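1. Sequence below, structure please.
(chains A and B)
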Amino acid sequence: NAGVIQTPRHKVTGKGQEATLWCEPISGHSAVFWYRQTIVQGLEFLTYFRNQAPIDDSGMPKERFSAQMPNQSHSTLKIQSTQPQDSAVYLCASSLDYWGNYAEQFFGPGTRLTVL
Amino acid sequence: GQQVQQSPASLVLQEGENAELQCNFSTSLNSMQWFYQRPGGSLVSLFYNPSGTKHSGRLTSTTVIKERRSSLHISSSQTTDSGTYLCALDDTNAYKVIFGKGTHLHVLP
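-> As a prediction, the model looks like this:
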């Protein structure tokens, strides 16, 4: 079991460019979560999927952020027109299931996004 | 107000000392999880602890759901224990996982 895989590990973009981050959850896990972590804000929930369906995106900045899960083996987080304040570590986690019934979450190594 | 409060925010220990980290929550929960994060690293699960007490080596987690609190005890601390300890809980009312701000632990040799 390779654990949760995230690529790339580091990404540097120029202001206004697009960034796409990838996450491969643990095989058999039906819930996938995206978080953002900064020193100032700490760990912030962005969105989560259950059985590939988007369930809660209340943490997502509405205008430039989007997430998809086209199949059970990967999810993407896309940031359009990146801004310096988007610089953060983006973490993906998966769990066996989640529907108001917490299951242990396993995190990937994260993608460090730097917007110049 | 903040639904998950961790204390202390930071802690400095001499190697060999014990540490008690607290996580208090203002919302009802199903269960919670403790994580460890090394600077620049990802989150490593320490305990998934719906309730009661669990042990893992020098670590002990105790969660009392009806009192809305959980603690993480580190005995005989080592320099390699340095890092950030985070608790996360499942908010039953919001179907959402909420993280605390963490306790930053520094163990001196």
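2. Can you name the residues that contact residue B:60?
-> For residue B:60, the contact set (Cβ atoms under 8 Å, 6 or more residues apart in numbering or on different chains) comprises B:53-54, B:72-73, B:75. Any C-beta I mention is one placed from the backbone N, CA and C, and that applies to glycine too.
3. Can you select the buried ones from the residues you listed in ChimeraX?
-> Selecting only the buried entries of those in ChimeraX, with 16 or more other Cβ atoms under 10 Å in any protein chain shown as the criterion:
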select /B:54,72
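4. Now residue A:12. Its backbone dihedrals?
-> phi -120, psi 130 (degrees, to the nearest 10).
5. and what of the one 4 residues further on?
-> Summarising the backbone geometry of residue A:16 under the convention degrees, to the nearest 10, its torsions are phi 100, psi -10.
6. isn't it right up against residue A:80?
-> No - using Cβ atoms under 8 Å, residue A:16 is not in contact with residue A:80; the gap is 9.1 Å.
7. which ones among the contacts of residue B:60 are found in helices?
-> Among those, no member is found in helices (DSSP state H).
8. Let me have the contacts of residue B:60 in JSON lines, adding pLDDT and distance to chain A as columns.
-> Formatted as JSON lines, the contacts of residue B:60 follow (pLDDT from 0 to 100; distance: Cβ to the nearest Cβ, whole Å):
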{"residue": "B:53", "pLDDT": "92", "distance to chain A": "17"}
{"residue": "B:54", "pLDDT": "92", "distance to chain A": "12"}
{"residue": "B:72", "pLDDT": "96", "distance to chain A": "16"}
{"residue": "B:73", "pLDDT": "97", "distance to chain A": "20"}
{"residue": "B:75", "pLDDT": "97", "distance to chain A": "24"}
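9. Dump stretch A:45-61 to PDB, keeping only the CA atoms.
-> The C-alpha trace of stretch A:45-61 is given here as PDB (Å, rounded to 0.1, in the frame of the first residue of the first chain):
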ATOM      1  CA  PHE A  45     -10.700  22.300   4.900                       C
ATOM      2  CA  LEU A  46     -11.400  22.900   1.200                       C
ATOM      3  CA  THR A  47     -13.600  20.200  -0.100                       C
ATOM      4  CA  TYR A  48     -14.400  16.500   0.000                       C
ATOM      5  CA  PHE A  49     -15.700  13.700  -2.200                       C
ATOM      6  CA  ARG A  50     -17.600  10.600  -1.300                       C
ATOM      7  CA  ASN A  51     -17.700   7.800  -3.900                       C
ATOM      8  CA  GLN A  52     -16.400  10.400  -6.500                       C
ATOM      9  CA  ALA A  53     -19.400  12.800  -5.800                       C
ATOM     10  CA  PRO A  54     -18.600  16.200  -4.500                       C
ATOM     11  CA  ILE A  55     -20.300  16.500  -1.100                       C
ATOM     12  CA  ASP A  56     -19.000  19.700   0.600                       C
ATOM     13  CA  ASP A  57     -17.000  22.400  -1.100                       C
ATOM     14  CA  SER A  58     -17.800  25.100   1.500                       C
ATOM     15  CA  GLY A  59     -14.100  25.700   2.100                       C
ATOM     16  CA  MET A  60     -13.200  26.400  -1.500                       C
ATOM     17  CA  PRO A  61     -12.600  30.000  -2.600                       C
END
